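K.L.:
Sequence and predicted structure, then a few things I'm wondering about:
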Amino acid sequence: MKKTRLLLINNPITALWMAAWHLELERRGDDGWRNVAVYCFTDCDLPQYDGFERKKPIYEAQCRTPVATFVDDWVVCMPTRLSPGSFDVLSRQVLHVARERRTRRKEIESIRRALAEARIDPDDVAEIWRGNGKYDQHISWLCPASRGVQFEHGISDVRNAIVRNTTVICSEVPLGWCPLVLIRPLRALREALNRRAVLFSRSTVKCDQHVSLLGEGIGKANAGIELGSIQPRYIGSVCQRVMEHESGTHALASVAQSVALVLVESLQSQAGKEDTLAFYEDLDQYLWEHCSELFNKASIRSILFKTRFFHRTYAEEGVARMSRLGAKYKCLLISDFSPLNYPVEYYLSSISPKIMIASHSSSLFYCKRLSPGLATYSYHRWYLNRCAAQFGQGSDVFRWLAYELGWQEDVFHQAYRECFKGEIPELLPL
């Protein structure tokens, strides 16, 4: 009888890593598994999530395609709560704790029924591959005997791997952005209270192995965890197979020559149409002033703009307003050619960009690892200033962004720079 392995999938980049790692294990002779993909995606009602209901089935197709060749079953598991998130009993009233416990029991039963319909007994699950899904705790609690393998969704998961098994909690980093360091006994006590009050906590999710494209750098930063390093060639194989069925990619490759790739951030979409279009105009001016020399040296002829799948609000009109760049370069939007709008890593080998620019996106790190000759740059300092001017330094948007970009710069450009020196992007000026 085959052992059962669950792949908890909620985004296409994690699905890509899982598919590449499975291919690598398969080449090593690791077989005899029943691989079951459990699609746990939560709804979202945020205003910047453009066309959410229409895009949901497309997004599921993005997640399904990379693993389709080896997954035996695809189980859709969709509890109704938007985002269960984390829960700390020390900061909640008794009534809230009781309500949370009841809700989690209902979600557990919903997940149990979905697995039962696919003839999956939680007691038979030997291994769980997971990303950063909202229901990872639930499924780990249902399958206590399983081995846990962690895959990444983004750069925060790399940070978490660096600090795992240390006295720094997962949401903390060195150098002042989150300076409180909790000793192990206090952290263990809080986790125990959470488990007793609401069934499970973050510690319920096992991480017996962390698998990453950036495994070499993580290993240098933290030798205390078991690592699996994904080889770029296996990711390339998966991406090539997926893109073969994406006809728009061939058309994109034929019209885009000597390419610079620009990832457009999404927070501006919270501000409405006019402010969003003004952001594109400001980005046009910024890139013209600070990147024209880079483009000239690399003989750039086309600039491809990439938005996130759920965040492409006003993107077509925004790119059309980039008059400075548009006068000299062919400015194209990837989603106009490829409606599925996969994460940029999928397109890398098809478009072969010379330059990649983003606001300290995890894709800058991953794409540099996949294509060492790619020149990568981050405009996150300018972006932070732009958001301060638009929303105000006291706004939730700015404070969240300052925290996120702050710890990223502290961790990767200061504390662990030598560990990731091959993947760190160059910082563009303000």
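P.N.:
All right, it came through fine.
K.L.:
give me the element residue 24 is part of.
P.N.:
helix 12-27 (DSSP states H and E).
K.L.:
can you pull the buried residues of that helix?
P.N.:
Within helix 12-27, the residues scored as buried using 16 or more other C-beta atoms under 10 Å are 12-25. All C-beta spots, glycine's among them, are computed from the backbone N, C-alpha and C.
K.L.:
between these, which is nearest residue 405?
P.N.:
Nearest to residue 405, judged by C-beta to C-beta, of those is residue 13 at 19.8 Å.
K.L.:
show me the contacts for the closest residue to that closest one other than its chain neighbours.
P.N.:
Of all residues not flanking residue 13 in the chain, residue 343 sits nearest, at 4.7 Å (C-beta to C-beta, 6 or more residues apart in numbering). Taking C-beta atoms under 8 Å, 6 or more residues apart in numbering, we find residue 343 in contact with 12, 13, 16, 363.
K.L.:
Report pLDDT for residue 343.
P.N.:
pLDDT for residue 343: 94.
K.L.:
So what does it have for phi and psi?
P.N.:
Backbone torsions for residue 343, taken as degrees, to the nearest 10, come to phi -60, psi 150.
K.L.:
please begin residue numbering at 36 from this point
P.N.:
Renumbered: residue one is now 36, and that last one reads residue 378.
K.L.:
Tell me the secondary structure at the residue nearest to residue 61 when sequence neighbours are not counted.
P.N.:
The shortest distance from residue 61 to any non-neighbouring residue, by C-beta to C-beta, 6+ apart, is to residue 105 (7.4 Å). Three-state assignment for residue 105 (DSSP: H, G, I helix; E, B strand; the rest coil): coil.
K.L.:
how far away is residue 105 from residue 182?
P.N.:
According to C-beta to C-beta, to the nearest Å, residue 105 and residue 182 sit 18 Å apart.
K.L.:
just residue 140 next, same as before
P.N.:
Applying C-beta to C-beta, the value for residue 140 to residue 182 is 25 Å.
K.L.:
CA atoms of stretch 281-294 as PDB?
P.N.:
Presented in PDB, the C-alpha positions along stretch 281-294 are these (Å, rounded to 0.1, in the frame of the first residue of the first chain):
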ATOM      1  CA  GLU A 281       0.200  29.000 -22.500                       C
ATOM      2  CA  SER A 282       0.000  30.200 -26.100                       C
ATOM      3  CA  GLY A 283       0.300  33.900 -25.200                       C
ATOM      4  CA  THR A 284       3.800  33.300 -23.900                       C
ATOM      5  CA  HIS A 285       5.100  32.500 -27.400                       C
ATOM      6  CA  ALA A 286       3.500  35.700 -28.800                       C
ATOM      7  CA  LEU A 287       5.000  37.700 -26.000                       C
ATOM      8  CA  ALA A 288       8.500  36.200 -26.600                       C
ATOM      9  CA  SER A 289       8.200  37.100 -30.300                       C
ATOM     10  CA  VAL A 290       7.400  40.800 -29.700                       C
ATOM     11  CA  ALA A 291       9.600  41.500 -26.600                       C
ATOM     12  CA  GLN A 292      13.300  41.800 -27.400                       C
ATOM     13  CA  SER A 293      16.200  42.900 -25.200                       C
ATOM     14  CA  VAL A 294      13.900  43.000 -22.300                       C
END
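K.L.:
Of all the residues in that stretch, which ones are buried?
P.N.:
Of the residues in stretch 281-294, those buried (16+ other C-beta under 10 Å) are 281, 283, 284, 287, 288, 291, 293, 294.
K.L.:
Quick check: next helix or strand after the one helix or strand the fifth one maps to?
P.N.:
Think residue 288. Element membership of residue 288 [criterion: DSSP H and E] is helix 282-290. Using DSSP H and E, the helix or strand that follows helix 282-290 in sequence is strand 294-298.
K.L.:
What residues of the helix or strand that that next one is followed by count as buried?
P.N.:
Counting by DSSP H and E, the next helix or strand C-terminal to strand 294-298 is helix 308-332. Across helix 308-332, burial judged by 16+ other C-beta under 10 Å covers 311-315, 317-319, 321-323, 325-326, 329-330.
K.L.:
Stretch 263-276 too?
P.N.:
The neighbour-count check on stretch 263-276 (16+ other C-beta under 10 Å) flags 263, 264, 265, 267, 269, 270, 271, 272, 273, 274 as buried.
K.L.:
Please apply the same query to stretch 414-427.
P.N.:
By 16+ other C-beta under 10 Å, the buried positions in stretch 414-427 come out as 414, 415, 416, 417, 418, 419, 421, 422, 423, 425, 426.
K.L.:
Can you lay out the residues you listed as a markdown table showing secondary structure, distance to residue 368 and pLDDT?
P.N.:
What follows is the buried residues of stretch 414-427, written out as a markdown table (DSSP: H, G, I helix; E, B strand; the rest coil; distance: C-beta to C-beta, whole Å; pLDDT from 0 to 100):
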| residue | secondary structure | distance to residue 368 | pLDDT |
| --- | --- | --- | --- |
| 414 | coil | 18 | 96 |
| 415 | helix | 22 | 95 |
| 416 | helix | 25 | 95 |
| 417 | helix | 21 | 95 |
| 418 | helix | 19 | 94 |
| 419 | helix | 24 | 93 |
| 421 | helix | 20 | 91 |
| 422 | helix | 22 | 90 |
| 423 | helix | 27 | 91 |
| 425 | helix | 22 | 86 |
| 426 | helix | 25 | 86 |
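K.L.:
What is the most widely separated pair among those?
P.N.:
Of all pairs drawn from these, the greatest distance, 17.4 Å, lies between 414 and 426 (C-beta to C-beta).
K.L.:
For stretch 165-177, give me every contacting residue.
P.N.:
Contact with stretch 165-177 is made by 41, 43-46, 49, 73, 75, 77, 112, 114, 118-120, 139, 142-143, 146-147, 150, 157, 163, 181, 183-189, 192, 234-237, 239-241, as judged by C-beta under 8 Å, 6+ apart.
K.L.:
again with stretch 368-375
P.N.:
Residues contacting stretch 368-375 (C-beta under 8 Å, 6+ apart): 93, 96-97, 281, 283-284, 286-287, 339-342, 347, 350-351, 354, 376, 379, 382.
K.L.:
These in strands, which ones?
P.N.:
Judged by DSSP state E, these include 339, 340, 341 as members of strands.
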